[in-house]
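Undergrad: below is the structure, and that's it, no one-letter string:
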């Protein structure tokens, strides 16, 4: 489960970086409307990256707390 969350986090980061590169390319080509679309896409990917990262950290903390509680019971 931890690997899946980490992979999703990295995928959102990579997709966001690709969107940023496409945005810069559209600005260079003087396509302001296309650049706007890519910029919005990049922002959405950044938000999803942040959500996934926060979710992964909460999950790891929860698993660590559960394992500590299990050790205390023994």
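TA: Right, received. Where do you want to start? Predicted model only: the values in this text are computed from it and were never measured.
Undergrad: if I look at the residue nearest the centre of the chain, how far off is residue 4?
TA: Among the residues of the chain, the one closest to the centroid is residue 49, at 1.7 Å (C-alpha atoms, centre = their mean). According to C-beta to C-beta, to the nearest Å, residue 49 and residue 4 sit 15 Å apart. C-betas here are computed from N, CA, C, even on glycine.
Undergrad: and if you look at residue 14?
TA: To residue 4, residue 14 is 16 Å away according to C-beta to C-beta.
Undergrad: ok, now which ones touch the residue nearest to the centre of the chain?
TA: Counting by C-beta atoms under 8 Å, 6 or more residues apart in numbering, residue 49 touches 9, 12-13, 16.
Undergrad: that one sits in which helix or strand?
TA: For residue 49, the enclosing helix or strand under DSSP states H and E is helix 32-73.
Undergrad: and that helix, average pLDDT?
TA: For helix 32-73, mean pLDDT is 90.
Undergrad: so what's residue 1 scoring on pLDDT?
TA: Confidence at residue 1, expressed as pLDDT, is 67.
Undergrad: for residue 39, which non-adjacent residue is spatially closest?
TA: Leaving aside its sequence neighbours, residue 39 sits nearest to residue 23 (C-beta to C-beta, 6 or more residues apart in numbering; 4.9 Å).
Undergrad: against residue 62, how distant is the one you found?
TA: 36 Å.
Undergrad: more neighbours, those two?
TA: residue 23 (20 against 10; other C-beta atoms under 10 Å).
Undergrad: packing partners for the helix or strand where that one lies?
TA: Taking DSSP H and E as the criterion, residue 23 maps to helix 2-28. Contacts defined by 3 or more C-beta pairs under 8 Å, 6 or more residues apart in numbering; DSSP states H and E place helix 2-28 against helix 32-73.
Undergrad: that's all I had, so thanks and see you.
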